[in-house]
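Participant: how would this look folded up:
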Amino acid sequence: QVQLIESGGGLVQAGDSLRLSCAASGRAISASAMGWFRQAPGKEREFVAGIRNGLTYYADAVKGRFTISSDSAKNTVYLEMNSLKPEDTAVYYCAAARYYSIWSPSSMHYWGKGTLVTVSS
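Facilitator: Below is the predicted model:
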């Protein structure tokens, strides 16, 4: 059984930084396409960042501010978030896909329960 457990969310001020972690079990992250998605109140879940085979991908809204990385030894994926803005406020979800197709919520096979990030102005 694959489990993804996110941590690191919280309440910060605009301009601050946070690092989210996603600890995976039941499947090696190196054999998966791993992604971070977010869902703000009243909005659809959207792609934030992804990593597969050492390559990284970002949504335009976070490019240059967020960095996704992974540690295979710990089977953990990270999302370093800098220069946070109020519009980054959302529940952030870690997701994994058995095989890569596109970075879309419908393409991911496993999901964590999410961690809330709130950015105050």
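
Participant: distance of Pro105 from Gly50?
Facilitator: 12 Å (CB to CB, to the nearest Å). Where you see a C-beta, it was placed from the backbone N, CA and C, and this is true even at glycine.

Participant: which one's more surrounded, these two?
Facilitator: Set Pro105 next to Gly50 and count neighbours by other CB atoms under 10 Å: Gly50 wins out with 23 against 15.

Participant: separation between the more buried one and Ser104?
Facilitator: 10 Å.

Participant: how about Asn75?
Facilitator: Distance from Asn75 to Ser104, by CB to CB: 24 Å.

Participant: show me which of these two is the more surrounded one.
Facilitator: Asn75 (17 against 13).

Participant: shouldn't Asp16 be in contact with Val119?
Facilitator: Yes: using CB atoms under 8 Å, Asp16 is in contact with Val119, at 7.5 Å.

Participant: the more surrounded of those two?
Facilitator: A count of neighbours by other CB under 10 Å puts Val119 above the other of Asp16 and Val119, at 20 against 14.

Participant: next, show the common contact partners of Asp16 and Val119.
Facilitator: Here Asp16 and Val119 have Leu84 as joint contacts, going by CB atoms under 8 Å, 6 or more residues apart in numbering.

Participant: mind listing the strands in this structure by residue range?
Facilitator: Assigned strands in the chain, in chain order: 3-7, 10-13, 18-25, 33-39, 46-52, 55-58, 66-71, 76-81, 90-97, 110-111, 115-120 (criterion: DSSP state E).
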